[in-house]
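> this is a predicted model, with the sequence first.
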Amino acid sequence: MVSKKIAVLAGDGIGPEVCRQAVKVLEAVAERFGHDFRFAAYQMGACAIDATGNPLPDETLAGCREADAVLLGAIGDPKYDNNPAAPVRPEQGLLRLRKELGLFANIRPVTAYDVLLPHSPLKAERIQGTDMLIFRELTGGIYFGEKGRRDADSAYDNCTYSKPEIERIAHLAFRAAEGRHQKLTLVDKANVLETSRLWREVVQGLAAQYPTVAVDYLFVDNAAMQIILNPKQFDVILTENMFGDIISDEASVIAGSLGLLPSASIGEAALFEPIHGSYPQAAGKGIANPIATILSAAMMLEHFGMNDEAALVREGVDEALHNNILTPELNPKAPYTTEQVGSYIAFWVRDSSEQQWN
Ligand code: IPM
Ligand code: MN
């Protein structure tokens, strides 16, 4: 029996609904494998601002620090999006959490599932077989540089990177490429940005340590086009914070739904979250896809070294995909609810031999 403490930050909008399903699946894993998972819930984001005025209360940060891993739903509320003058914002909580926990590498796998090929707006033959892993730097760059107003009509955001910041994530990306298809693509804007030229220099410098990995370099504008034109050319993509934010949403179109893409943020701690946002229009309606969060939980299990457990969760997800046990964006004619999709996968995990549920 293995004991793990998991901090759950359900957050805003659909966050609590999708987190509940992932927790249910983790409980099924614990039951089936005889583990002891302890969940502790904390507030972050708009819900934390409403309750305490602070998007990342001290108690939340302390709870995350003492946990073995953090499961995060989503944060954000439209009442802040359209108010540029808001003094505190939900996103500040997430950004500070990433920084405080030293989560410098955000890993976002993008897979084209065969059964979902018709759901992608892209042609099936172009995307079939896509399997890429995006390494997005998460605690540097323009997100964290000095920012402000010079006067009422002028604003700035500074983008800074240091060699050690680039090296530590580049090593992770190279090692991942070694264990996959031996290809690493650095996405940057080295024809314009000095920080990008530093990224290239550092990555070129490290390449000799990974002789089996073929490295290539793409400008981000071209990469945005290539991801849609020919996603199969990519294995591991390595990129800085903001480019990674943008291209990972773009790449999600390949999977057929943003509701399918998980992520792991690692460094001095480990946090697992879907790449989608809080989707406030869907909150409470039972239409949000919990699979991205459930697959994030699978990545958490892999982080714990529980590979059999994670494989079973992935099998449960595959079963849901094959049997069309899917939320309305993927199954508009006979949709299942968030809760039903979660229950189906949890039942599969608990007792895959009987395949019974509800
Ligand atoms: C993401 C999100 C966040 C980001 C927001 C909510 C701050 O879009 O995790 O991709 O930009 O990093
Ligand atoms: Mn994003």
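Alright, I've got the coordinates. Ligands and ions are numbered 1, 2, ... in the order given.
> only C-alpha atoms for contact and neighbour calcs from this point on.
Noted.
> who's in contact with the residue located most distally from the centre of the chain?
Here the chain reaches farthest from its C-alpha mean at Asp151, the gap being 36.1 Å by Cα atoms, centre = their mean. For Asp151, no residue meets the contact criterion (Cα atoms under 8 Å, 6 or more residues apart in numbering).
> now do it, the pLDDT please.
As summarised for this prediction, Asp151 has a pLDDT of 96.
> this structure: strands as residue ranges?
Listed in chain order, the strands of the chain (DSSP state E) span residues 3-11, 36-41, 69-74, 105-111, 131-137, 147-151, 154-157, 183-188, 214-219, 236-239, 262-266, 270-274.
> export those to JSON lines and append columns for distance to Glu17.
Rendered in JSON lines, the data for the strands of the chain read as follows (distance: least, Cα to Cα, whole Å):
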{"stretch": "strand 3-11", "distance to Glu17": "8"}
{"stretch": "strand 36-41", "distance to Glu17": "13"}
{"stretch": "strand 69-74", "distance to Glu17": "8"}
{"stretch": "strand 105-111", "distance to Glu17": "21"}
{"stretch": "strand 131-137", "distance to Glu17": "26"}
{"stretch": "strand 147-151", "distance to Glu17": "34"}
{"stretch": "strand 154-157", "distance to Glu17": "35"}
{"stretch": "strand 183-188", "distance to Glu17": "34"}
{"stretch": "strand 214-219", "distance to Glu17": "38"}
{"stretch": "strand 236-239", "distance to Glu17": "31"}
{"stretch": "strand 262-266", "distance to Glu17": "16"}
{"stretch": "strand 270-274", "distance to Glu17": "12"}
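> so which of the ones you listed is nearest Lys163?
Between Lys163 and the strands of the chain, the shortest gap by Cα to Cα is with strand 131-137, which sits at 12.6 Å.
> from the chain's centre, how far out does that closest one sit?
10 Å (Cα atoms, centre = their mean, to the nearest Å).
> so what's the nearest residue to Ala346 once chain neighbours are set aside up against?
Excluding the flanking residues, the one nearest Ala346 by Cα to Cα, 6 or more residues apart in numbering is Val25, at 4.5 Å. With contact set as Cα under 8 Å, 6+ apart, Val25 has these partners: Ile294, Val313, Gly342, Ser343, Ile345, Ala346, Val349.
> how many residues are close by the residue lying closest to Ile345 once chain neighbours are set aside?
In this structure, Ile345 finds its nearest non-sequential neighbour in Gly316, 4.8 Å apart by Cα to Cα, 6+ apart. For Gly316, the count of nearby residues is 25 (other Cα atoms under 10 Å).
> with Ile246 instead?
12.
> also Asp221?
Around Asp221 there are 13 other residues, counting by other Cα under 10 Å.
> next one: it relative to Arg96, how far apart?
For Asp221, the distance to Arg96 equals 29 Å [Cα to Cα, to the nearest Å].
> ok, back up a step: spit out the contact partners of the residue nearest to Ile345.
Tyr344, Ile345, Ala346, Trp348, Val349.
> if we go to 7 Å?
Counting by Cα atoms under 7 Å, 6 or more residues apart in numbering, Gly316 makes contact with Ile345, Trp348, Val349.
> ligand 1 versus the first one, what's the distance?
Think Ile345. The span separating Ile345 from ligand 1 equals 25 Å under the rule Cα to the nearest ligand atom, to the nearest Å.
> check the second one too.
Separation of Trp348 from ligand 1 (Cα to the nearest ligand atom) stands at 29 Å.
> how about Phe234: what's its closest non-neighbour residue?
Closest residue in space to Phe234, ignoring its immediate chain neighbours: Met132 at 5.8 Å, by Cα to Cα, 6+ apart.
> in the sheet, who's paired with that neighbour?
Beta-bridge pairing of Met132 under DSSP bridges involves Val110.
> pLDDT score for His119?
At His119, the predicted lDDT confidence score is 88.
> not counting residues beside it along the chain, what's closest to it?
Spatially, and ignoring its direct neighbours in sequence, His119 is nearest to Gly256 (5.0 Å; Cα to Cα, 6+ apart).
> residues near the one you found, how many?
22.
> now find how far off-centre stretch 261-274 is within its chain.
Taking mean C-alpha positions (Cα atoms, centre = their mean), stretch 261-274 and its chain are 6 Å apart.
> now swap in stretch 215-233 and tell me
On Cα atoms, centre = their mean, the centre of stretch 215-233 falls 20 Å from the chain's centre.
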